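# Build me a model from this:
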Amino acid sequence: MITAMISFTPAGYAALSTRKLELLQKREEVVVRLQQAREMGDLSENGAYKAARFELSDTDRELRRLEYLLKEGKAVEPRTDGTVGMGNTVTVENQDGKQFTYMVVGTYEADPLRGTISVESPMGKELNGKRVKDAVEVNGNRFTVVEVV
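Model prediction:
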């Protein structure tokens, strides 16, 4: 099976590692609660036991996801040659003179409401490799690159 590399910014990749450590600690706490609930007796009517089992399953599922991302993922350093790429922050201006600033990130880190766009998004694809003063068109809107950091 061939899998594509999953790209992250260095900060995004580090955040995955931190989150995994937090979940491993949480898992230990949930296992203790599960054992305590099991000791209460009748498991068929034990709400604390069922809740702890559910929480343990949820935690394990998230840990498996994070382990996969850490295994298959790679931190990509931002470009320093003045062109837009993964990890760069870019400011664009539309036809009306309104400016927008985005950080170009991997698919798993993207959150447009927080100012991050995926390198695979329509805007990310168009901006990739562009320099200051280059123009791009996305969904019928024209943007000019104002700054690349």
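# all helices of this structure, in order?
Assigned by DSSP state H, the helices in the chain fall at 10-38, 47-72, 122-127.
# and the residue nearest to the spatial centre of the chain, what does it touch?
The centroid of the chain falls nearest to Glu109 when counting by CA atoms, centre = their mean (2.3 Å). Residues in contact with Glu109, defined by CB atoms under 8 Å, 6 or more residues apart in numbering, are Phe8, Thr9, Gly12, Thr116, Ser118. All C-beta spots, glycine's among them, are computed from the backbone N, C-alpha and C.
# So which of these wins on neighbours?
For the contacts of Glu109, the largest number of neighbours (other CB atoms under 10 Å) sits with Phe8, at 24 neighbours.
# number of nearby residues for Met5?
10.
# Test my guess that it contacts Val76.
No. Look at Met5 against Val76 with CB atoms under 8 Å: they stay out of range, at 9.0 Å.
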